[in-house]
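A.B. asks: quick one, structure for this:
(chains A and B)
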2 protein chains.
Amino acid sequence: MVKQGWKASVSLADGRELIYFGESAAWAAGHPDQRPASRFAASSELRYDALLGEWVIVAHHRQERTYLPSADECPLDPSCDGRFTEIPAPSYEVAVIENRFPSLATPSATVPARDGLLGVRPGNGRCEVVCYTPDHSASFADLTREQAALVLAAWTDRTAALSALPGVEQVLCFENRGQEIGVTLTHPHGQIYSYPFVGPRTSRMLATSAAYRRETGRNLFDAVLAAERADGSRIVLAGDHWTAFVPHAARWPYEVHVYPHQRVPDLQSLTAAGREEFCSLYLDLLRAFDRLFGMPAPYISAWQQAPVRQGREEFALHLEVFTIRRAPAKLKHLGGSETGTGAFTNDIAPETAASVLRDALRGKAA
Amino acid sequence: MVKQGWKASVSLADGRELIYFGESAAWAAGHPDQRPASRFAASSELRYDALLGEWVIVAHHRQERTYLPSADECPLDPSCDGRFTEIPAPSYEVAVIENRFPSLATPSATVPARDGLLGVRPGNGRCEVVCYTPDHSASFADLTREQAALVLAAWTDRTAALSALPGVEQVLCFENRGQEIGVTLTHPHGQIYSYPFVGPRTSRMLATSAAYRRETGRNLFDAVLAAERADGSRIVLAGDHWTAFVPHAARWPYEVHVYPHQRVPDLQSLTAAGREEFCSLYLDLLRAFDRLFGMPAPYISAWQQAPVRQGREEFALHLEVFTIRRAPAKLKHLGGSETGTGAFTNDIAPETAASVLRDALRGKAA
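C.D. replies: Prediction:
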């Protein structure tokens, strides 16, 4: 957890919150936002898809969001030399900002809530941006273990804070990395979404784990982790507290799931020893991803955590990270099969992916 | 349906089937494959994802598939001037070929079937490529209505044939168009997958429509179509037999669902008048997609049909088409929210998308 005094919150000129983490937090918070005051207005709504029984977020103000600014206009750099960015301080360690172009925001009602086949709800929630480092050209894999630990502390703190907001049902800490993934800012950063519903993929895991409990009396996540550890052919990294493996039914070319050996529902529940080992292991893993093809891997990394009010006894915290690159010049895209029926095709056998990743961990390219 | 004599099947040198459609079918079939005989071997397996309760297809032979060959090496051109392609005839109208690098093939057992948390099944099924025209540089939108009608006849014929194969549970006719979507061959073509399972997205629609029937006594698809027609704000095109609309909860920047007014389970059940109107309407729609940003739209188009043995009384045939382009130089990519929790964010309001598409139908760019 964040030590006392290692966290300081300020308001930006438009009213959004900025939270500094680290030893310099109080100092950084002493620098006021010098940009003109403006009103922060986001509109977002949830639309009900009756055929799939799922909510879709419509956030049309996001269409105007900042798109690949040049390096000298990066809004996630510290403010300096008269250039005022999203972060007023001239330096920072880790900074968390309310997203200026959020998918979800409170209050967010643009239309009255409506039930039925064309159901609508306000898109309440909160979206945050996590700046990993002031170094514009770095990436998560470049962080020291201490820096990674501070990011983990920030994820943990924000998960607890966002889970406590009224109406929040699920918190997702994730990183989209690489323009091939659609990243619109290249500064090393991740995001946190807090949702007013449990996402459909998470709901399915709650349903399968509840059914498995009824049928076997056991926890499904524990059983899957035990089966992967017993099989062994897809394990990529194993420590005292964590195991990283390519899942048996991986959907993406190089996909790794990272589980703590001791099941916990969320980041807040991790032990100090578990946190320390995770940081080493995750940095090794991300560096291996970048070594796969000798170039920065476009990846998505996301912490799967138990929802705020559902399935907390069964759901197991774990991290899922995958790259869409399947060869130096080839990406895996979703096609008609994936979007039409939901059936994924993976062109790389999970055991092959695990073997290639083990080689990359030892410093070899694919 | 295909008229008598408008269809002829031949075997390629490696044993795969090629089916010609159209007036020239019998003539085209008179041209034997002159390439050396070779063995056709594909291996594919299904992996069970116990956490999501879904099957994933692993087809590692596909990693070597033909990738963006130059125009003079296109395997979907007719054979001519001593260059032998996948299609031995010197010309054709519409040709359907068993995919040389299929995601699913029968027989396809590479490992013994296994139950349990690490379940495995052979990846039985059949994947076909539908060549729309011999013209390498055309696209579906360039077809005449007669050519489009022949493609529709081929989709219909193949759906019936593949549905009759042992073990096939679902047939998907679809097109991935554009390199931004990951297309590996630029020749105008679509694909047909026949699966040994009902895909997870389709399964959810079966579950929601069964629940709606229990609760209301009504059909869910009929109710959704009626609600969209009554609302009207998202309708893009309406004919005597079909309505095309941006769905209330669209996930993609410009997404259109096309429903026949008279619910039918599959392509075989369409009337002659319905077929004729569909071809006009679909060509208008694809041309409007290309007009959106004054450049060929990267799109995925897929026919949603009832599975072979489940939900045939409730499921409604319809076509879903969407582009991932949200602005001239910007694509919608899936990020951590979509892949992590399954929650989609759409940056364009469906009503705006419908209005822009209506303008594009009248010849105006966005």
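A.B. asks: and the stretch 251-366 of chain A, which of its residues are near chain B?
C.D. replies: For the stretch 251-366 of chain A, the residues in contact with chain B (Cβ under 8 Å from any Cβ of the partner chain) are A:251, A:300-302, A:304, A:320, A:322, A:326-327, A:330-337, A:339-350, A:352. Yep, even glycine has a C-beta here, placed from its N, CA and C like the rest.
A.B. asks: in strands, which of the residues you listed fall?
C.D. replies: Residues of these located in strands (DSSP state E): A:300-302, A:304, A:320, A:322, A:326-327, A:330-331, A:345-346.
A.B. asks: sort out which of those residues are buried, if you could.
C.D. replies: Neighbour-count burial (16 or more other Cβ atoms under 10 Å in any protein chain shown) applied to those gives A:300-302, A:304, A:320, A:322, A:326-327, A:330, A:345-346.
A.B. asks: possible to save those residues as TSV with distance to A:D72 and pLDDT?
C.D. replies: Below are those laid out as TSV (distance: Cβ to Cβ, whole Å; pLDDT from 0 to 100):
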residue	distance to A:D72	pLDDT
A:I300	28	98
A:S301	28	98
A:A302	31	98
A:Q304	37	98
A:E320	35	98
A:F322	32	98
A:R326	34	92
A:A327	34	92
A:K330	33	91
A:T345	42	96
A:N346	41	96
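A.B. asks: if you skip the residues just before and after it, what's nearest to the spatially most central residue of chain A?
C.D. replies: By Cα atoms, centre = their mean, chain A has its centre lying nearest to A:F174, at 0.7 Å. Excluding the flanking residues, the one nearest A:F174 by Cβ to Cβ, 6 or more residues apart in numbering or on different chains is B:G336, at 3.0 Å.
A.B. asks: and that neighbour, what is it in contact with?
C.D. replies: A:172, A:174-176, A:191, A:300-302 (Cβ atoms under 8 Å, 6 or more residues apart in numbering or on different chains).
A.B. asks: between the ones in strands among the residues of the stretch 251-366 of chain A next to chain B, which sits nearest B:A211?
C.D. replies: Nearest to B:A211 out of those is A:Q304 (Cβ to Cβ; 27.0 Å).
A.B. asks: hmm, the closest one is touching A:L317, no?
C.D. replies: Yes: using Cβ atoms under 8 Å, A:Q304 is in contact with A:L317, at 6.8 Å.
A.B. asks: report the secondary structure state of A:R275.
C.D. replies: Here A:R275 is recorded as helix under DSSP: H, G, I helix; E, B strand; the rest coil.
A.B. asks: what pLDDT is listed against it?
C.D. replies: With respect to pLDDT, A:R275 scores 98.
A.B. asks: am I right that it is in contact with A:A149?
C.D. replies: Yes: using Cβ under 8 Å, A:R275 is in contact with A:A149, at 6.6 Å.
A.B. asks: shared neighbours, those two?
C.D. replies: In contact with both A:R275 and A:A149: no residue, using Cβ under 8 Å, 6+ apart.
A.B. asks: could you find the closest non-adjacent residue to A:D49?
C.D. replies: Residue nearest to A:D49 in three dimensions, not counting chain neighbours: B:A249, with 3.8 Å by Cβ to Cβ, 6+ apart.
A.B. asks: which of the three states applies to that neighbour?
C.D. replies: Secondary structure, three-state DSSP: B:A249 is coil.
A.B. asks: over to A:Y48?
C.D. replies: Look at A:Y48: counting by three-state DSSP, its state is strand.
A.B. asks: and the closest residue to it other than its chain neighbours, what does it touch?
C.D. replies: Nearest residue to A:Y48 in three dimensions, chain neighbours excluded: A:G119, at 3.2 Å (Cβ to Cβ, 6+ apart). A:G119 sits next to A:47-48, A:50 when contact means Cβ under 8 Å, 6+ apart.
A.B. asks: quick one: those residues as JSON lines, columns for neighbour count too.
C.D. replies: JSON lines is the format used below for the contacts of A:G119 (neighbours: other Cβ atoms under 10 Å in any protein chain shown):
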{"residue": "A:R47", "neighbour count": "25"}
{"residue": "A:Y48", "neighbour count": "20"}
{"residue": "A:A50", "neighbour count": "23"}
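A.B. asks: nearest to B:D359 among those?
C.D. replies: A:R47 (22.3 Å).
A.B. asks: of all the residues in the stretch 1-150 of chain A, which ones are close to chain B?
C.D. replies: Within the stretch 1-150 of chain A, the positions lying close to chain B (Cβ under 8 Å from any Cβ) are A:47-60, A:62-63, A:67, A:103, A:116-118.
A.B. asks: among the residues you listed, name the ones in strands.
C.D. replies: Judged by DSSP E, strands contain the following of the residues of the stretch 1-150 of chain A next to chain B: A:47-49, A:54-58.
A.B. asks: and these, which two are furthest apart?
C.D. replies: A:E54 and A:V58 (13.1 Å).
A.B. asks: okay, and the common contacts of those two?
C.D. replies: B:A249.
A.B. asks: the two: which is more packed in?
C.D. replies: Relative neighbour count places A:V58 above the other of A:E54 and A:V58, with 28 against 22, counting by other Cβ atoms under 10 Å in any protein chain shown.
A.B. asks: next one: the more buried one from B:H248, what distance?
C.D. replies: 10 Å (Cβ to Cβ, to the nearest Å).
A.B. asks: can you check A:P188 too?
C.D. replies: Distance of A:P188 to B:H248, computed by Cβ to Cβ: 37 Å.
A.B. asks: show me the contacts for A:L118.
C.D. replies: Here A:L118 is in contact with A:47-48, A:50, B:227-228, B:231, B:248 (Cβ under 8 Å, 6+ apart).
A.B. asks: try it again with 10 Å
C.D. replies: Going by Cβ atoms under 10 Å, 6 or more residues apart in numbering or on different chains, A:L118 touches A:47-48, A:50, B:224, B:227-228, B:230-231, B:233-234, B:247-249.
A.B. asks: make a markdown table from the residues you listed and add distance to B:S43 and pLDDT to it.
C.D. replies: Below are those laid out as a markdown table (distance: Cβ to Cβ, whole Å; pLDDT from 0 to 100):
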| residue | distance to B:S43 | pLDDT |
| --- | --- | --- |
| A:R47 | 42 | 97 |
| A:Y48 | 42 | 98 |
| A:A50 | 40 | 98 |
| B:V224 | 40 | 98 |
| B:A227 | 46 | 98 |
| B:E228 | 44 | 98 |
| B:A230 | 50 | 98 |
| B:D231 | 49 | 98 |
| B:S233 | 49 | 98 |
| B:R234 | 44 | 98 |
| B:P247 | 38 | 98 |
| B:H248 | 42 | 98 |
| B:A249 | 39 | 98 |
